[in-house]
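1. coordinates only, sequence not included:
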């Protein structure tokens, strides 16, 4: 044996690593490429609830801290610090957009979304909205890109408000934001 000690990743170690590199704003996880240390028993449910070892994380500050070091690579999610990278499970999208503010109207309007962990993104070219539909039920799942390949599922109440702002454009029923048109559903499929 080489004498190296195998360390099992845990949430406490991640918190210590994050606190050691505390910066203003979001940490530069896109610059960090540490070795993969294994999977952590952490899961983000579809409703945005974070679980550690099967128990919901009840401290919003801790959830916000973990969300700040979240990274997606090749369709998989990781929590990353300068010295370690651990895999986690994400049921759908890692964030939930819980509200949006409307500024302007029509083609000139901007929709600025806020997530459950405090991220803010104005829908537009850099933060597109997309809607997937369940092939069996037709149920829509709307998303907005928040940052670096990380999306937020737009919650139901916000989606209903969004649909109220939709217009028909080039055979699509959709919404304008930041000078971009985002199709929600083909006009021909509306009842």
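-> That came in fine, so what should we check first? This is a predicted model, so every value here is computed, not measured.
2. mind checking how far residue 150 is from residue 78?
-> From residue 150 across to residue 78, the span is 11 Å (CB to CB, to the nearest Å). Bear in mind the C-beta positions are built from the backbone N, C-alpha and C, glycine included.
3. tell me, what's touching these two both at once?
-> Each of 70, 72 lies in contact with both residue 150 and residue 78 under the rule CB atoms under 8 Å, 6 or more residues apart in numbering.
4. When the two are compared, which one has more neighbours?
-> Neighbours per residue, other CB atoms under 10 Å: of residue 150 and residue 78, the larger number sits with residue 78, 21 against 18.
5. How is that one assigned, secondary-structure-wise?
-> When classified by DSSP: H, G, I helix; E, B strand; the rest coil, residue 78 comes out as strand.
6. What residues sit buried inside stretch 51-71?
-> 51-52, 57, 63, 65-71 (16 or more other CB atoms under 10 Å).
7. Residue 112: which of these is nearest?
-> residue 67 (18.5 Å; CB to CB).
8. List the residues that contact the nearest residue to the closest one once chain neighbours are set aside.
-> In this structure, residue 67 finds its nearest non-sequential neighbour in residue 117, 4.5 Å apart by CB to CB, 6 or more residues apart in numbering. Residue 117 sits next to 48, 60, 63-64, 67, 95 when contact means CB under 8 Å, 6+ apart.
9. Sitting in helices, which of these do you find?
-> By the criterion of DSSP state H, membership of those in helices covers 60, 63-64, 67.
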